[in-house]
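Engineer: I would like to see how this sequence folds:
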Amino acid sequence: AAADISPIMDLYKTQVRKLAEHLGFPAELAAKPSTPALWPNQLAETELGIKYETLDLILYGLERFMTTEEIAQQLSVEKALVEKVKSRWLATEHKRQMPLAAKIEYRTVGADFRLPRHIY
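Structural biologist: Numbering: from 1, shown residues only. Below is the predicted model:
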């Protein structure tokens, strides 16, 4: 999906749920299980094999360059679980980046052709 701004992009799943509660969203919406919706009754937590409360804390540690040992020790979880999350996180980095573009013209929008906001 395309958008001009993504105000909650940097929030973890648990933070989004707490924000929804704080803003008064219906409880069934705030607590709705995450699903990729590729097939009926598919749940992200089941597929990942980890609750978002733990996953978010592991990702928080990884994004702050903590070692897998430090994260496992702080969260009292198996190091293998942290390594599994780290492996998936690194393998899916491309999903968090803009797609590559073929360099055909002199300037490419989004790469080396950027206008200051005040021109818009």
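
Engineer: quick check: the gap between residue 50 and residue 34.
Structural biologist: 12 Å (Cβ to Cβ, to the nearest Å). C-beta: built from backbone N, CA, C; applies to glycine.

Engineer: and for residue 41?
Structural biologist: 13 Å.

Engineer: the two - which one has more neighbours?
Structural biologist: Using other Cβ atoms under 10 Å, the more surrounded residue of residue 41 and residue 34 is residue 34, with 15 against 8.

Engineer: that one against residue 47, yeah?
Structural biologist: No: Residue 34 is beyond contact range of residue 47, at 9.7 Å (criterion: Cβ atoms under 8 Å).

Engineer: distance from the chain centre to stretch 10-17, please.
Structural biologist: Remark: stretch 10-17 is offset 9 Å from the chain centroid, using Cα atoms, centre = their mean, to the nearest Å.

Engineer: check which residues of it are buried.
Structural biologist: By neighbour count on 16 or more other Cβ atoms under 10 Å, the buried set for stretch 10-17 is 12-14, 17.

Engineer: cool, and stretch 28-47?
Structural biologist: Those would be 30, 45, for stretch 28-47 by 16+ other Cβ under 10 Å.

Engineer: per-residue pLDDT, residue 93?
Structural biologist: Residue 93 carries a pLDDT value of 90.

Engineer: again with the one 10 residues further on
Structural biologist: Reported pLDDT at residue 103 in the predicted model: 74.
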